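# Would you be able to build a 3D model of this:
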Amino acid sequence: MNAAGHVWRWAALIALVIIADQLTKWAVLETPAFNALACLDPSIRCGRIELSSVFDLTMLWNRGISFGTFQSSGIMRWILVLVTTGIAIGFAYWLMRAERWFTALSLSLVIGGAVGNLIDRVRFGAVVDFLDFSGPWFGTYIGGVAVGFPWVFNIADAAITVGALLLFLDQFLMSRSKPDERNPA
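Residues are numbered from 1 along each chain as shown. Just a heads-up that it's a prediction; the model follows:
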């Protein structure tokens, strides 16, 4: 049986990503220290909870896409909604025809993350980001090279990134393996 034959397994993974993403975002939105709904107004600063020298919870509204690129509002918000919906539908179609479990796993992570962020964009016009690993290194240069991780992200972003990396590995490295090694299921 091919990977698509396990459709409920992949649907469950997609649902798990969406639920984990939305529950963590709900917790952020309900935490008074973040001032989340008020700071939808760009003139009002969102809150931050310092947890360690490496990791903080920093509430940001991302009006763009991955890592804050293509910041938009107004009609661009709805264009992003349509594009994201189209990509998710296209990936779901691909998922239903996937022959390798690794392909299905990768697509499920991307779809779950895309839908998680899509929910925010429709509800608020922006995506809730809060995981901040910038640590003390952000803005530091060693040998002329910037170090640190300046982006604030969420569970959906992590799922999309991991899924995309796995999909890249699957399509460009694993697709060369023998057919019987591709699908352990």
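# Okay, helices next: where are they in the protein?
Along the chain, counting by DSSP state H, helices occupy 7-29, 75-96, 101-124, 155-172, 179-182.
# Quick one: neighbours of Ala92, just the number.
Other residues within reach of Ala92, judged by other CB atoms under 10 Å, total 17. Any C-beta I mention is one placed from the backbone N, CA and C, and that applies to glycine too.
# contacting residues for the nearest residue to it once chain neighbours are set aside?
In space, not counting the residues next to it along the chain, Ala92 is nearest to Ile111; the distance is 6.0 Å by CB to CB, 6 or more residues apart in numbering. With contacts taken as CB atoms under 8 Å, 6 or more residues apart in numbering, Ile111 has the following neighbours: 14, 88, 91-92, 95, 163.
# and with 7 Å instead?
Residues in contact with Ile111 (CB atoms under 7 Å, 6 or more residues apart in numbering) are 14, 88, 91-92, 95.
# Show the pLDDT at it.
The predicted local distance difference test score for Ile111 is 98.
# measure it to Ile87 for me?
Between Ile111 and Ile87 the distance is 9 Å, computed by CB to CB, to the nearest Å.
# Verify the stated contact: Ala38 with Ile44.
Yes. In this structure Ala38 lies within contact range of Ile44 using CB atoms under 7 Å: 5.2 Å.
# what does the average pLDDT come to for stretch 61-77?
68.
# Next: stretch 134-142.
pLDDT averaged over stretch 134-142 gives 64.
# tell me the centre residue of this protein?
With distances taken as CA atoms, centre = their mean, the chain has Asp157 as the residue nearest its mean C-alpha position (1.7 Å).
# measure that residue to Arg100 for me?
25 Å.
# before we move on, what about Leu37?
In this structure, Leu37 and Arg100 are separated by 43 Å, where distance is defined by CB to CB.
# Looking at the two now, which is surrounded by more residues?
Using other CB under 10 Å as the criterion, Leu37 and Arg100 rank with Arg100 on top: 22 against 13.
# Residue ranges in this protein under the pLDDT threshold?
Within the chain, the segments meeting pLDDT under 70 span 1-5, 65-73, 136-150, 175-185.
# how much space between the closest residue to Ile87 other than its chain neighbours and Arg48?
In space, and not counting its chain neighbours, Ile87 is closest to Ala114: 6.4 Å by CB to CB, 6+ apart. Separation of Ala114 from Arg48 (CB to CB) stands at 27 Å.
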